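With the sequence up front, the predicted model follows.
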Amino acid sequence: MKDLLRNSMMKSPRLAMIGGLAGAMLFAISSCQPTGAPPEQPAQQTQSPQAPQRFDGITIRILTFDGPIGSTVASHAQAFEDQTGATVEIETVPFGEIYSATLQDLAKETPGYDAVFFVSQWLADYAAPGYLLDLSEWVNTDTALQWDDVAPFYRNFAATYQERIYGIPVDGDYHMVYYRTDLLEAAGLDVPKTWEDYLAIAQQFHGQDFTGDGQADYGSCIAKQPDHAGHWMFGSIAAAYLQSGGTAQGAFFDPNTMEPLVNNAAFAKALEIYKQTNAYGPPDEQTYEVGQIMDMTVLQNCALTIFWGDIAPLAVGSETQLKDTVGTVMLPGSKEVLDRETGDLVACDKFTCPHAIDGINHAPYAANIGWSGGINAKTSPEVAAASYAFISYISQPERSNIDVAQGGSGFNPYRISHFADREVWIEAGMSPEVASRYLGAISASLNSLNMVLDLTIPQAGRYQQEVLDDALTAFLRDEISRDEAIAQIEQGWNAITDEIGREQQLQAYRNSLGL
């Protein structure tokens, strides 16, 4: 394999400071590889994979992220090459560059890459201009891919743009809360069901020495570094207050006017809770990347944390005893939600919170959504066929079921089979109790009709990583007040929308929600 993993491992907004996945897994290639070349116009694509095919003499050039995602993609390349005759070249860039590097290459008349593994949240930026190949017919006839096994949320929102498939998921991203089961059990506490519960538990354990090293530990650890993951962490809190009517309601803008859902009591409440967590975290938590938070959790320094699906699998390989005391629960919720007519918080009832559980509105947040593989629309038909076969190969259950159970893979569950078969996780080293809690929280999140779709409109990064992160950072540092933060975010978001085009962004937002 001509492995062009030329850049050093950088910290990821999802996963960092961990080792890569073990060597390539040798599995038989799918019996449904593409044989026909997709036409130049993806929307008119009619040919589909029919029979096994070798790709001798074909080189696939791939661009992706230089963290665990890239390492796991590379771990499958050798086996694919051995069984198909293709050559797979992989080049990676740091996370901060992957969005722009991908967009720039896809826009070229003569692209440098045939396939890309990208954050699913950016699908609209790549699919709307026609940069990605329409994979719908290939996917619909690829029995080895087992498309129906991909959770509906990811089929509908991570892979599809305007009812056509442009990406194949290889990872699913959603936040959950992780907690120390031994601490909560010893204190007689239940898992946090609301964000007020989260704060109360964090307060109770903050400052205690539960690692036995003579140092005070923390009640809550959250990655808050600006331009990194802070906006996602805040979103996990805000979601429960802003969205109660199901995924199609949206949690960022009014889907009828494109006005930001910012200047209201629900957003203000979320800001207050987010700032309160500062009191129970490390003194310099505002500078922490997710890799640092994750390492602290693995080392048992935190009673609670918000994170993607990596924590429990990582704990299995921890040198501490944490692997037997990791609890996982769906994101806490709220007994009050936003009334979009008045801007006030109102109590949950069967009308205001139709998806509530025991009177609590939960809104699991698909932060980042996950990673998908796509194909450059300008790639030659022969190379496109080989590229599709490689992406499908990685996503197929016999490989992905193993990948998601490995703590260092960067791949989190996105298929129904990933969280339906507890034995796979037990074989990977989880105790039955930890596996049950972990898979139960995943199931509850992915099956929620009130799952919050991360922002997927064009230039979403400007809204979140620039405007939102900047205001959150200033607010946490007491440089601006809560109301000033709200005004700054509202004005910044409206300015971006007006610059791009309000009607265009409104339509993109509605499309992303399936409206």
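Happy to help now that I have it.

pLDDT at the nearest residue to Phe475 once chain neighbours are set aside, what is it?
Ranked by C-beta to C-beta, 6 or more residues apart in numbering and with sequence neighbours excluded, the top spatial neighbour of Phe475 is Ala485, at 4.1 Å. All C-beta atoms are positioned from the backbone trio N, CA, C, and that covers glycine. pLDDT recorded at Ala485 is 98.

In contact with Ala485, which residues?
Leu271, Ala471, Leu472, Ala474, Phe475 (C-beta atoms under 8 Å, 6 or more residues apart in numbering).

Am I right that it falls within a helix?
Yes. Judged by DSSP: H, G, I helix; E, B strand; the rest coil, Ala485 forms part of a helix.

quick one on the thing from earlier: between the contacts of Ala485, which has the most around it?
Neighbour tally across those (other C-beta atoms under 10 Å): the maximum, 26 neighbours, falls on Ala471.

just to revisit the earlier point, what's the most distant pair in the contacts of Ala485?
By the measure C-beta to C-beta, Leu271 and Ala474 form the most distant pair in those, at 11.6 Å.

Backbone dihedrals for the residue most central in space within the chain, please?
Centroid-nearest residue in the chain: Asp173, 2.6 Å away (criterion: C-alpha atoms, centre = their mean). When read as degrees, to the nearest 10, the backbone of Asp173 gives phi -120, psi 130.

Next: Tyr179.
phi -140, psi 160.

what sits against the residue nearest to the centre of the chain?
By C-beta under 8 Å, 6+ apart, the contact list for Asp173 reads Arg14, Ser120, Trp308, Gly309, Ala366, Ala367, Asn368, Ile369, Gly370, Trp371, Asn412.

Which of the residues you listed lies at the shortest distance from Gly250?
Ala366 (12.4 Å).

So for that closest one, what's the pLDDT?
Note on Ala366: pLDDT of 94.

Stretch 322-330 - what's its average pLDDT?
The average pLDDT within stretch 322-330 is 89.

Output it as PDB, restricted to C-alpha atoms.
The C-alpha coordinates for stretch 322-330 follow below in PDB (Å, rounded to 0.1, in the frame of the first residue of the first chain):
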ATOM      1  CA  LEU A 322     -12.500   2.400  35.400                       C
ATOM      2  CA  LYS A 323     -13.600  -0.100  32.800                       C
ATOM      3  CA  ASP A 324     -15.900  -1.800  35.400                       C
ATOM      4  CA  THR A 325     -17.400   1.500  36.700                       C
ATOM      5  CA  VAL A 326     -18.300   3.400  33.600                       C
ATOM      6  CA  GLY A 327     -22.000   4.400  33.400                       C
ATOM      7  CA  THR A 328     -23.600   5.800  30.300                       C
ATOM      8  CA  VAL A 329     -26.900   7.600  30.100                       C
ATOM      9  CA  MET A 330     -28.800   9.600  27.400                       C
END
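
burial measure for Phe118, as a count.
Counted by other C-beta under 10 Å, the residues lying close to Phe118 total 25.

okay but Phe307 is in contact with Thr297, surely?
Yes. With contact defined as C-beta atoms under 8 Å, Phe307 counts as touching Thr297 (7.4 Å).

For Cys348, give me its contacts.
By C-beta under 8 Å, 6+ apart, the residues touching Cys348 are Ser244, Ser334, Lys335, Glu336, Val337, Ala356, Gly359, Ile360, Asn361.

Among those residues, which lie within strands?
Glu336, Val337 (DSSP state E).

Now which of the contacts of Cys348 would you call buried?
Ser244, Ser334, Lys335, Glu336, Val337, Ala356, Ile360, Asn361 (16 or more other C-beta atoms under 10 Å).

Run through this protein and note the low-pLDDT ranges.
Along the chain, the parts satisfying pLDDT under 70 run over 1-52, 318-321.

Got the domain ranges for it?
3-173+370-420, 176-363+437-512 (automatic domain parsing).

just checking, Leu345 touches Leu242?
No. Look at Leu345 against Leu242 with C-beta under 8 Å: they stay out of range, at 10.5 Å.

Just put the contacts of Cys348 in CSV and tack on distance to Met258.
Converted to CSV, those look like this (distance: C-beta to C-beta, whole Å):
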residue, distance to Met258
Ser244, 20
Ser334, 25
Lys335, 29
Glu336, 25
Val337, 21
Ala356, 27
Gly359, 32
Ile360, 29
Asn361, 24
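
re the thing from before, if I look at the residue nearest to Phe475, how far off is Phe157?
To Phe157, Ala485 is 29 Å away according to C-beta to C-beta, to the nearest Å.
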